[in-house]
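[1] My questions concern the predicted model and sequence given below.
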Amino acid sequence: NKDTLSEIHFRRFNLRRIALEVFFKDSKFQCSYFFKFSSKKDRMKVFKKLISCKPTHLDRSLYGNPLTVDAFRKTNITQRWVNCEISNFDYLMYLNTFAGRSLNDLAQYPVFPWILADYTSKKLDLFSKKTYRDLSKPMGMQIPDLKKLNEFYEAMTCHYGSHYSNAGHVCYYQIRLEPFTTYSIIFQDGKFDHSDRLFYSIPQTFENCTKSSQDIKELIPEFFYLPEIFMHHNGVNFGKKQTGSTIGDVILPPWAESAEDFVVKHREALEGEFVSAHLHKWIDLIFGYAQRDQAAIDNMNVFMPCTYEGKVDWNSMKDKVLRKATEAQINAYGQTPIMLFKKPHPQRDLEKYRYKKTIDHPFDEAGALSTVELTKSYPIFTETAISAAYLYSHKELLITVSRNGVCTVNKFSTSITRKVSQRDLTDGIGHIKSASSVSLLANEKSGTVIRKGSTIRRTDEYPLRRLAYQVISDIPEHNQLYKVYTYSDKAKDSKNVYV
């Protein structure tokens, strides 16, 4: 349906720009399809045909450039990430998409970093630097002895004989799920690889990747949202290891109680302050200036020539046997993403990150209202407004922080008309640090203003039941009506609230 066509991206196939990926999206579903053509000319014919249909919702900013990288540079996605308006996970997915990576092409699957280095402790300490992998170095440089890399480079003009992402790695991680189970059999000529070489342990896999400069695979997005890749639900017989043990569920780190728990903690680490502060260095290696030329040499980040676009002269390759062998080599070794940045990637604004984290997560683990500081308005309030709805028993309290740093209670609300009373505050909805601010809230009048500089403090006597909250951008300077999306733990669907 042309009305659901939302994006068209030019893609590579075996390092040749002869493919298209089209994305469809409506209110009920979204999907994408990957098409490989015999030549650029054939691809352009199909592209023009799609455009001639005049799709209603096609994002013209994405298809208007012949190169995906040009379309990316016209967006403000990087600045949005720097300003903490999008998550680390979302930003990495954006980069992968614009760099030619696709879920529809195993040879160019989205690549994510190993972010942790501790897979042996019983408790994961997300506040310790020792917990994290050095994101300024490629996986091959995580090994203790770097002399071998220099020796290999002198002999082969590259640092590694493998790559950090290829079709084999994708199937390795997802071998317990179809269609990757079947693909794994196909890649091994009709049978599984030896059991000891299959994915059976996260700690062991990380150890392998940090001991050998030839096993340097990074991760895939599913490590941060799909616990099923670690579960042996399908009951496939993967054989026995040399120890005689069978392969079932993936062995998790001691700090993970279950596959779901691993994913939750892994995602929390990805969005944490340490990764936010250093992720730009990894981006330089994978998507940026440090993936090629002298910067790649200096960072020990040079791979086999066949993994780079432009290193293979397809036009002069007339021998079909040689051509097929070259394609097989590219599929086996992997493909380096398209370079998106020619200069060092900017670092995330940590001041904005810290204040956004305080406002975005007003609840502690017990569901009680944590302290929300309103003392500094610059980092977050100048660009966003926060609307948080809190519920105690059957009572609702809507707190809105405007971009000028003023917090209001139940102001301009069409759905919440109950007055704020002193009883609400003493029963655990929260209280303000100063007595004058408390009296402002207790004046039985909707639209009470909490002055900038006040603090909403948590109370332990009556923990609040949690409601959701949303950060929204482009809020008017003054007290105009604007839309906020909230939902409660009693409601399945979101509802609109105007404040």
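    Received, thanks.

[2] low-scoring stretches of this structure, by residue?
    Scanning the chain for pLDDT under 70 picks out the ranges 1, 27, 60-68, 353-499.

[3] For stretch 326-346, output the C-alpha coordinates as PDB.
    C-alpha atoms of stretch 326-346 as PDB (Å, rounded to 0.1, in the frame of the first residue of the first chain):
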ATOM      1  CA  THR A 326      35.100 -12.600  -3.800                       C
ATOM      2  CA  GLU A 327      31.500 -12.400  -2.800                       C
ATOM      3  CA  ALA A 328      31.900 -15.400  -0.500                       C
ATOM      4  CA  GLN A 329      34.900 -13.800   1.100                       C
ATOM      5  CA  ILE A 330      33.000 -10.600   1.800                       C
ATOM      6  CA  ASN A 331      30.200 -12.500   3.400                       C
ATOM      7  CA  ALA A 332      32.600 -14.500   5.500                       C
ATOM      8  CA  TYR A 333      34.700 -11.600   6.800                       C
ATOM      9  CA  GLY A 334      32.100  -8.900   7.200                       C
ATOM     10  CA  GLN A 335      31.600  -5.400   5.900                       C
ATOM     11  CA  THR A 336      32.700  -2.100   7.500                       C
ATOM     12  CA  PRO A 337      29.800   0.300   7.800                       C
ATOM     13  CA  ILE A 338      29.500   3.500   5.800                       C
ATOM     14  CA  MET A 339      31.500   6.300   7.300                       C
ATOM     15  CA  LEU A 340      29.100   8.900   8.800                       C
ATOM     16  CA  PHE A 341      31.500  11.300  10.500                       C
ATOM     17  CA  LYS A 342      34.700  12.700   9.100                       C
ATOM     18  CA  LYS A 343      35.600  14.500  12.400                       C
ATOM     19  CA  PRO A 344      35.600  13.300  16.000                       C
ATOM     20  CA  HIS A 345      32.100  12.700  17.300                       C
ATOM     21  CA  PRO A 346      30.900  15.200  19.900                       C
END
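
[4] what comes up buried for it?
    By 16 or more other Cβ atoms under 10 Å, the buried positions in stretch 326-346 come out as 326-327, 330-341, 345. In this view, the C-beta of every residue, glycine as well, is placed from N, C-alpha and C.

[5] and if you look at stretch 291-304?
    291-292, 296, 299-304.

[6] can you list those residues in TSV and add secondary structure and distance to residue 129?
    Listed next are the buried residues of stretch 291-304 as TSV, based on DSSP: H, G, I helix; E, B strand; the rest coil; distance: Cβ to Cβ, whole Å:
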residue	secondary structure	distance to residue 129
291	helix	26
292	coil	30
296	helix	26
299	coil	21
300	coil	22
301	coil	23
302	coil	28
303	coil	28
304	coil	33
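
[7] Of the residues you listed, which pair is most distant in space?
    Greatest spatial distance in those: 299 and 304, 16.5 Å, computed using Cβ to Cβ.

[8] same for the strand or helix carrying residue 33, what does it pack against?
    Using DSSP states H and E, residue 33 falls within strand 30-36. In terms of contacts (3 or more Cβ pairs under 8 Å, 6 or more residues apart in numbering; DSSP states H and E), strand 30-36 is packed against strand 5-13, strand 16-25.

[9] Using PDB, list the CA coordinates for the last one.
    Yep, that's strand 16-25 we're talking about. Extracted in PDB, the C-alpha atoms of strand 16-25 (Å, rounded to 0.1, in the frame of the first residue of the first chain):
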ATOM      1  CA  ARG A  16      28.000  -2.600  -4.100                       C
ATOM      2  CA  ARG A  17      25.400   0.100  -4.100                       C
ATOM      3  CA  ILE A  18      22.800  -1.900  -5.900                       C
ATOM      4  CA  ALA A  19      20.100  -2.400  -3.200                       C
ATOM      5  CA  LEU A  20      17.000  -0.600  -1.800                       C
ATOM      6  CA  GLU A  21      15.300  -1.000   1.500                       C
ATOM      7  CA  VAL A  22      11.800   0.300   1.800                       C
ATOM      8  CA  PHE A  23       9.900   0.800   5.100                       C
ATOM      9  CA  PHE A  24       6.200   0.600   5.600                       C
ATOM     10  CA  LYS A  25       4.300   1.900   8.700                       C
END
